[in-house]
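Engineer: no FASTA, just this:
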């Protein structure tokens, strides 16, 4: 073997191992595993009970949220409450019955960190806002709910609440008799009700934050009445917001 060939072999043996070391040193570190998706702790009911605003009171509304949550695989060990206020003696504020958060939709996206952010309790929280809206206010089936521009529009959500999530304290009926009434509203052209007689109605929010003048997710306007046709005619279907308390 001539001297030139020996030199070539020696250089090859010296360079090749070094090349492998160089490649190994430049290889990127393995990617960190993605954190697991957060389980669903908020949803808009995909369908209503079908009896207008009559859910059998808070207990019945909570049971309906529990039923749909369980059907979506989030029943065991999870307590679901409907976001509803009541009026009169022993009035209940919706904000006080939904736990402390944070809450995540069916795709694992956070919609609010806590009760204060959900309602914009401070000026800064109000400026930033929560993440509710058509893109994030999903049903338990991970579906978007019809909003403004869709047919039919179903963006009205029953809440019976003021913008801060608290109950009304006036004499008007904002909760369809605390979610036990499916009564029709006053007919067009009918004489006004006797003084002191509140017309049956429910305060509504818009899950898509569109329309109504104030774009509120929980307190935009009142329904025309409490029956299923009334709620549909107003722009909804009698749907609920459901929150996991724990």
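Structural biologist: Looks like it arrived, so ask away. Note that the coordinates shown come from a computational prediction; the quantities given were computed from them, not determined experimentally.

Engineer: can you give me the strands for the chain?
Structural biologist: 42-44, 80-82, 103-104, 110-112, 156-158, 203-206, 221-222, 236-244 (DSSP state E).

Engineer: could I get these as a markdown table with mean neighbour count, distance to residue 143 and mean pLDDT?
Structural biologist: All C-beta spots, glycine's among them, are computed from the backbone N, C-alpha and C. Converted to a markdown table, those look like this (neighbours: other CB atoms under 10 Å; distance: least, CB to CB, whole Å; pLDDT from 0 to 100):
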| stretch | mean neighbour count | distance to residue 143 | mean pLDDT |
| --- | --- | --- | --- |
| strand 42-44 | 27 | 9 | 98 |
| strand 80-82 | 25 | 18 | 98 |
| strand 103-104 | 23 | 16 | 98 |
| strand 110-112 | 21 | 15 | 97 |
| strand 156-158 | 27 | 15 | 98 |
| strand 203-206 | 28 | 17 | 98 |
| strand 221-222 | 18 | 25 | 96 |
| strand 236-244 | 25 | 12 | 98 |
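
Engineer: ok now do residue 167, which residues does it touch?
Structural biologist: For residue 167, the contacting residues are 85-87, 91-94, 160-161, 175, by CB atoms under 8 Å, 6 or more residues apart in numbering.

Engineer: Tell me the one of the residues you listed nearest residue 139?
Structural biologist: residue 94 (19.2 Å; CB to CB).

Engineer: Where in the chain is the helix or strand with the lowest mean pLDDT?
Structural biologist: helix 3-26 (a mean of 48; mean pLDDT, DSSP states H and E).

Engineer: what's the pLDDT at residue 124?
Structural biologist: Note for residue 124: predicted pLDDT of 88.
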